[in-house]
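Visitor: Structure, please.
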Amino acid sequence: MHTTVLLLAFFSQSVATSPVAQQQAGPGRDKPTKPGVIRPGVSERGKLAGQSTRKSSRTEALRALRRAREWLVAHQNDSGRWQAAKFDHCCPTRDVCEGRGNALNDVGVTGLATLALLSSGPKARTGTYADSVKRAVEWLVGQADASGLIGTSTGAAYHYNHAIATYALVEALAAHDLQHLRPAVIQAVGYITKAQNPYRVWRYTPRGGDNDTSITGWMVLALTAAKRNQYEVPAKSLTWAKNWFDSVTDGNGRCGYSRRGEPSSRPMNEAGAFPATETAALTALGIACRVRLGQTPKEFPVISKAAEVVVDMLPNVRPERRDFCYWYFGSIALAKLGGKPQERWEKAMQQVLRGLQDTKGHARGSWGPTGVWGANGGRVYSTSLGTLALATALRRNALLE
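Guide: Sure, this is the predicted structure:
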């Protein structure tokens, strides 16, 4: 995965030193300079100021990422997992971090937190976060059953949990010398391919006949990471996934949930607070998966149309627009495409996440679960996805291909 480096470019403008030029100098005009002395003109000064502002903004965003990862490390359980509901076990009595999630999602939030630490690159491999990553990996592997499923089949979200955990394990083994755990990861990848509906994709249960873009997206992220890291992935699994995205995407690039035109799913008690019309999460996920599956905008113009849909709904602090999953998917999608859309997304993502990040007390560095699905994943979920979204938008996510 690649990082983007901002370079400050200094421009010179040659200035005549003739008597005529000297006569033209005066109040409100640039005075002539001596030969060889670089003195930027008005437009150059403005450009330099803009570059300086962007550099400062990125520096603050990188500090926000460091604080988020430090919060995650501080709230990891001794066993290696992150607990959706009891992450506050280490908080001071009078300064407890709020925002508990559902304990059934410990596998998923542990996977997300692991990915958030892995996104830092070298620090996750040999530095600050290496021990946390290794302990998380050991815990996740310990949750696998004989079928390769990581966790239990309790609740409706266990396929999400498995896909995210598998994605994290694949990336963690690529970053660390943990080859003794490779058989467990092979089983986890195998579970995904066996759970896929023939000629279709995935939903809540193995080969249950139903399909949806949301779970499928996470499965594809896991499988494409596995393929990139030399795990065996059946070609038909990826072909069926490509066919799925074609089948649920309309001519404008909008990707549907289980069919064309269908909006994102919402918990029944959150549909009013977080209308599905206020997100383009599935469209962003569709782009991210298509690109990881090898498709390009040149060959598939619908990708560019989908990008327009995403950019038309930039990250926003308004409560009804808070969707950490969308922000992560959008960051992946536009980081892959680059250009002006990615620049606009990055700017908006910085403003939103820096504005929402807690800055005081034991919660400093984290993001509260104030968006959709927050009640399921809790503060660990929001902080992990916030970290991934911001790091990816900045192209400072070491997991970018």
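Visitor: ranges for the helices of the chain?
Guide: Taking DSSP state H as the test, the helices found in the chain are 19-24, 42-74, 106-118, 122-125, 130-142, 158-175, 182-195, 213-228, 235-248, 281-292, 302-311, 324-337, 339-356, 374-393.
Visitor: got these as CSV, with mean pLDDT, mean neighbour count and distance to Asp88 columns?
Guide: (C-beta placed from N, C-alpha, C; glycine too.) Formatted as CSV, the helices of the chain follow (pLDDT from 0 to 100; neighbours: other C-beta atoms under 10 Å; distance: least, C-beta to C-beta, whole Å):
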stretch, mean pLDDT, mean neighbour count, distance to Asp88
helix 19-24, 35, 10, 68
helix 42-74, 79, 15, 11
helix 106-118, 98, 29, 13
helix 122-125, 85, 18, 24
helix 130-142, 97, 20, 17
helix 158-175, 97, 26, 21
helix 182-195, 98, 19, 29
helix 213-228, 98, 24, 26
helix 235-248, 98, 17, 38
helix 281-292, 98, 27, 28
helix 302-311, 98, 20, 34
helix 324-337, 97, 27, 19
helix 339-356, 96, 18, 19
helix 374-393, 97, 28, 8
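Visitor: With Leu390 as the reference, measure out to Lys347.
Guide: 12 Å (C-beta to C-beta, to the nearest Å).
Visitor: excluding its backbone neighbours, what's nearest Ala175?
Guide: Once flanking residues are discounted, Ala175 sits nearest to Arg125: 4.9 Å by C-beta to C-beta, 6 or more residues apart in numbering.
Visitor: Cross-check the contact I'm expecting between that neighbour and His176.
Guide: Yes. Using C-beta atoms under 8 Å, Arg125 is in contact with His176, at 6.5 Å.
Visitor: Kindly provide the distance from the residue nearest to Ala175 to Glu171.
Guide: Where Glu171 is concerned, Arg125 sits at a distance of 11 Å (C-beta to C-beta).
Visitor: ok, back up a step: can you put the helices of the chain in a markdown table and add distance to Thr93?
Guide: Output for these, formatted as a markdown table (distance: least, C-beta to C-beta, whole Å):
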| stretch | distance to Thr93 |
| --- | --- |
| helix 19-24 | 72 |
| helix 42-74 | 16 |
| helix 106-118 | 24 |
| helix 122-125 | 31 |
| helix 130-142 | 24 |
| helix 158-175 | 31 |
| helix 182-195 | 38 |
| helix 213-228 | 37 |
| helix 235-248 | 48 |
| helix 281-292 | 38 |
| helix 302-311 | 44 |
| helix 324-337 | 29 |
| helix 339-356 | 26 |
| helix 374-393 | 18 |
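Visitor: Identify whichever of those helices lies nearest to Ser265.
Guide: helix 213-228 (6.4 Å; C-beta to C-beta).
Visitor: and Ile332, how far is that from Gly286?
Guide: From Ile332 to Gly286 the distance is 11 Å (C-beta to C-beta).
Visitor: One more: Ser265?
Guide: In terms of C-beta to C-beta, Ser265 sits 15 Å off from Gly286.
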